[in-house]
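Structure of the sequence below:
(one chain, ligands or ions: 2)
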Amino acid sequence: MADQAQNLREFISRSQERARVVAVTSGKGGVGKSTTSVNLAIALAARGKRVILLDADLGLANVEVLLGLNSLYNLQHVIDGEKTIEQILVQGPGGIQVVPGSSGITKLADLDTEARNNVLAGLERLQEGADFVLVDTMAGIGQNAVAFAAAADEVLLVTTPEPSAIVDAYAMVKAICATRDEAAIRLMVNLVRNEQQAMAVASKLSSVAQTYLGRRLSFLGYLPRDIHVSQGVMQTYPFVLRYPNTPAAKCMEDLARRLMQRRLDVKQSSGFFRRFAETIGLANAS
Ligand SMILES: Nc1ncnc2c1ncn2[C@@H]1O[C@H](COP(=O)(O)OP(=O)(O)OP(=O)(O)O)[C@@H](O)[C@H]1O
Ligand SMILES: [Mg+2]
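Residues are numbered from 1 along each chain as shown. Ligands and ions are numbered 1, 2, ... in the order given. Down below sits the predicted model:
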């Protein structure tokens, strides 16, 4: 009986909670956002979470390629009103669900009201049936990327130890904070030699953000430079599934575990996709 009551409580609280929206973003391109999004999504699903992965790199969507999927429909069909979000959702490996992106949509802000509502209302519905929505964004401080990051519940900012990637990551923090002061940003350092190097990069970036923006950035985890990661990319199959016993897969599991453990406490009055529309100034334009 006690178990049943507990299950019921869990079910009710689950169904009332919206998914946590985590935007995976970066200043510099090519630092491992998509690789991280895909494998982190699967690592979360392996821990019993309902995960939706949204390919929001509207310039060069490639989540599907990383997952070895080849779907018939994508966000463009939702934008055009031909399909609903539910109809384009595809089952990915490892129990995740994927919203396939569409290359060549340069700005959501340029869509007309109906097209934009097709997308945002659909995404908001999806948020109700999941625990996590991971958003793989495009790199850089462009309007869409910053809006996705600023509207998310949490930002996972990916950098590498390269000075140019660190400088661009800082520029991204600045842009996100300028859009939304209380944004919750955590760091993930990719392509490192070891944990010490990752922590050194994170603490350098955090102390610069503290000095100039009054913001501390917490460290969520790291991923070593590992041949299995790039092999997974080449084989269009996520490394956490293909090579589960490698140090890189363990690091991904650590990231998933830490993400699940600690929810950053940010006040959220409306849903992510409504905030997104507000952030890019569309809510008032309709
Ligand atoms: N930890 C790693 N070890 C080895 N190779 C890696 C690692 N992380 C990423 N890579 C390689 O780096 C390349 C870029 O990764 P990815 O596409 O995930 O970056 P991105 O940040 O999404 O790029 P973009 O800004 O173009 O969207 C991939 O080809 C992948 O093989
Ligand atoms: Mg990418």
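
Spatially nearest residue to the residue in the stretch 51-200 of the chain that ligand 2 sits nearest to, not counting backbone neighbours?
Residue nearest to ligand 2 within the stretch 51-200 of the chain (CB to the ion): residue 57, separated by 5.1 Å. Yep, even glycine has a C-beta here, placed from its N, CA and C like the rest. Nearest residue to residue 57 in three dimensions, chain neighbours excluded: residue 138, at 4.4 Å (CB to CB, 6 or more residues apart in numbering).

how far away is that neighbour from residue 114?
Per CB to CB, to the nearest Å, residue 138 is found 24 Å from residue 114.

what residues are up against the closest residue to ligand 2 within the chain?
Among all residues of the chain, residue 34 sits closest to ligand 2, at 3.3 Å; criterion: CB to the ion. By CB atoms under 8 Å, 6 or more residues apart in numbering, the contact list for residue 34 reads 57, 62-63, 66, 136.

now swap in residue 157 and tell me
Counting by CB under 8 Å, 6+ apart, residue 157 has contacts 25-27, 149, 169, 172-173, 185-188, 217.

out of those residues, which is most surrounded?
Neighbour counts for the contacts of residue 157 (other CB atoms under 10 Å) peak at residue 25, which has 31 neighbours.

Okay, now stretch 89-101: how far is its last residue from its first?
10 Å (CA to CA, to the nearest Å).

Could you pull up the mean pLDDT of it?
The pLDDT scores in stretch 89-101 average 96.

Same list, the contacts of residue 157, but only the ones touching ligand 2.
Among these, none lies close to ligand 2 by the criterion of CB under 5 Å from the ion.

Would you quantify the distance from the residue of the chain closest to ligand 2 to ligand 1?
3 Å (CB to the nearest ligand atom, to the nearest Å).

Can you tell me, leaving aside adjacent residues, what's nearest to that residue?
Closest residue to residue 34 apart from its sequence neighbours, by CB to CB, 6+ apart: residue 136 at 5.2 Å.

Helix, strand or coil: sort out the one you found for me.
Classification of residue 136 using DSSP: H, G, I helix; E, B strand; the rest coil returns strand.

Start the count at 44 instead of 1 going forward.
Understood, numbering begins at 44; the last thing we discussed is residue 179.

Identify the bridge partners of it.
residue 67, residue 98 (DSSP bridges).

for it, what are its contacts?
When contacts are taken as CB under 8 Å, 6+ apart, residue 179 is in contact with 67, 76-77, 80-81, 96-100, 106, 144.

Show me which residues of this structure sit near ligand 1.
Contacts of the chain with ligand 1, taken as CB under 6 Å from any ligand atom, map to 69, 72-78, 100, 182, 233-234, 266, 268-269, 272-273, 276.

Just the buried ones out of those, please.
Buried members of the residues of the chain next to ligand 1, scored by 16 or more other CB atoms under 10 Å, are 69, 74-78, 100, 182, 233-234, 266, 269, 272, 276.

Among those, which pair sits farthest apart?
100 and 269 (22.9 Å; CB to CB).

Which stretches in the stretch 94-243 of the chain count as helices?
106-110, 118-122, 128-131, 156-171, 186-194, 206-222, 238-256 (DSSP state H, counting those that start in this stretch).

So which of those has the densest surroundings on average?
Among the helices of the stretch 94-243 of the chain, ranked by average contacts under mean count of other CB atoms under 10 Å, first place goes to helix 186-194 (a mean of 25).

got the contact list for that helix?
So helix 186-194 is contacted by 64, 66, 68, 99, 101, 150-152, 178, 180-182, 198, 200, 215, 218-219, 222-223, 226, 315-316, 318-319, 321-323 (CB under 8 Å, 6+ apart).

tell me the mean pLDDT for that helix?
So the average pLDDT for helix 186-194 ends up being 85.

Can you check what angle separates that helix from helix 206-222?
Here the directions of helix 186-194 and helix 206-222 differ by 70 degrees (axes from the mean of the first three to the mean of the last three CA atoms, to 10 degrees).

from the chain's centre, how far out does helix 186-194 sit?
Centroid displacement of helix 186-194 relative to its chain, using CA atoms, centre = their mean, to the nearest Å, is 11 Å.
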